[in-house]
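Asks: sequence first, then the predicted structure, then my questions.
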Amino acid sequence: MNWKHFLLPALLSVITLPSAAYAELRIFACEPEWAALAREVGGDKVNAFSATHVGQDPHYIRARPSLVSQIRRADLLFCSGAGLEAGWLPILMQRGAKSGIQPGKLGHLIAVNHVAVLEIPAVLDRRLGDIHAEGNPHVHMDPRNILILARELTNRLTMLDEENAAHYRKRLENFETSWSRALKGWEVRAKKLSGMAVIVHHKSWVYLVSWLGLQQMATLEPKPGMPPTPSHLTALLKVSRGQSVKAIMRTPYDPANGSEWLATKTDIPAIVLPYTVARDAGPGALAQMFERTLSLLETARAKR
Ligand SMILES: [Zn+2]
């Protein structure tokens, strides 16, 4: 007997057995925050993959072949929406995504469809910038939205994977309890931050600004998605001098030069807030993201 005839079937059974025993639901998240939330609610019953990482601007990534192979295997899609992924997600979707994750299906979860969207333009005018034409997509920066989406995700998971419905509901219950407790603490701290004047690089923070009651005085981008220009930055010098701005905020992926220039000229601290979590972040990471964000704002406020 040829040894290959014996070995190959044996190998195949080794490869296929574990996947049958652990039939995880595969989740394709566009951003790390949604992958992390999926792990909070799904635990070991889901396999969540994030298309982007903390150093990448989710408005602009390439529809790489590795992402195509991930989206093909996905049972649930979880993205921000409102055009955030307009430059790359439709391309991926066309390359073999299952019918169950297509628009209108249970496996197609878009965050902005379940929360109150801010900055929806009264008229669609591309001269106001190419991005954010459908409103502001950065909804995860309001922790109350995280809770709404945890519940919606649980609804979807219990229907897609009925066998494990009790598991998802139990995990949601635990998450709701700990998140609500944390939220109470954050809202006490928010009272002290209320009214704090800030300048932001991109409009990544409107939900945070609105939740905390901060005052957003200006953006370094003249229009969403347009890099800061020298004339715009010079105009911002006046804004900064007239008001007691406490911080210039940016994400880890925004270019530093604009905020560093303004910080040097004005002595206002330029701070990098976490904005999201690690690509493979486990339970607790989202809460830590808000903890760290509040701490950084508190430190900046105390400085000036
Ligand atoms: Zn944006």
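Replies: The structure has been received and is ready for your questions. Residues are numbered from 1 along each chain as shown.

Asks: for Ala29, phi and psi?
Replies: When quoted as degrees, to the nearest 10, the phi and psi of Ala29 stand at phi -100, psi 140.

Asks: thought it was touching Val46?
Replies: No. Under the criterion of CB atoms under 8 Å, Ala29 makes no contact with Val46, lying 10.4 Å away. C-betas here are computed from N, CA, C, even on glycine.

Asks: low-confidence ranges, this structure, go.
Replies: Within the chain, the segments meeting pLDDT under 70 span 1-23, 124-130.

Asks: looking at it, which helix is longest?
Replies: The helix that spans the most residues within the chain, counting by DSSP state H, is helix 165-193.

Asks: now do the buried residues in the next helix or strand after it.
Replies: Remark: after helix 165-193, the chain's next helix or strand is strand 197-200, criterion DSSP states H and E. Residues of strand 197-200 classed as buried: Ala197, Val198, Ile199, Val200 (neighbour count, 16 or more other CB atoms under 10 Å).

Asks: dump those to JSON lines, plus distance to Ala122.
Replies: Converted to JSON lines, the buried residues of strand 197-200 look like this (distance: CB to CB, whole Å):
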{"residue": "Ala197", "distance to Ala122": "26"}
{"residue": "Val198", "distance to Ala122": "25"}
{"residue": "Ile199", "distance to Ala122": "25"}
{"residue": "Val200", "distance to Ala122": "22"}
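
Asks: and which of the residues you listed is nearest Arg62?
Replies: Ranked by distance to Arg62 (CB to CB), those are led by Val200 at 26.1 Å.

Asks: follow-up on the earlier one: common neighbours of Ala29 and Val46, please.
Replies: Ala38 (CB atoms under 8 Å, 6 or more residues apart in numbering).

Asks: mind splitting the chain into its structural domains?
Replies: Here the domain parsing of the chain from automatic domain parsing is 22-178, 192-303.

Asks: any chance of those in TSV, plus distance to Gly185?
Replies: Below are the domains of the chain laid out as TSV (distance: least, CB to CB, whole Å):
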stretch	distance to Gly185
domain 22-178	11
domain 192-303	9
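
Asks: what is the host helix or strand of Met159 packed up against?
Replies: Assigned by DSSP H and E, Met159 falls within helix 143-160. Contacts defined by 3 or more CB pairs under 8 Å, 6 or more residues apart in numbering; DSSP states H and E place helix 143-160 against helix 32-42, strand 76-79, strand 108-110, helix 165-193, helix 206-212.

Asks: note down every partner strand of the second one and its orientation.
Replies: Based on DSSP bridges, the strands next to strand 76-79 in the sheet, each with its direction, are strand 25-29 (parallel), strand 108-110 (parallel).

Asks: ok, which of these comes nearest Ala256?
Replies: Using CB to CB, the strands paired with strand 76-79 put strand 25-29 closest to Ala256, at 26.8 Å.

Asks: other residues contacting the closest one?
Replies: Around strand 25-29, the neighbours that count as contacts under CB under 8 Å, 6+ apart are 35, 38, 42, 45-51, 70-71, 73-79, 101, 157, 160-161.

Asks: show me what contacts Arg169?
Replies: Thr154, Thr158.

Asks: mind doing that once more with 10 Å?
Replies: Val41, Thr154, Asn155, Leu157, Thr158 (CB atoms under 10 Å, 6 or more residues apart in numbering).

Asks: do the same with Leu118
Replies: 82, 112, 132, 135-139, 142, 203, 206-207, 209-210.

Asks: tell me, what residue is most central in the chain?
Replies: Ranked by distance to the mean C-alpha position of the chain (CA atoms, centre = their mean), the top residue is Glu33 at 4.3 Å.

Asks: please report the distance of the residue lying closest to that residue once chain neighbours are set aside from Glu173.
Replies: Nearest residue to Glu33, sequence neighbours excluded (CB to CB, 6 or more residues apart in numbering): His140, at 4.5 Å. Using CB to CB, to the nearest Å, we find His140 at a distance of 21 Å from Glu173.

Asks: which one of these two has more residues nearby?
Replies: Ranked by neighbour count (other CB atoms under 10 Å), His140 and Glu173 place His140 first, with 25 against 10.
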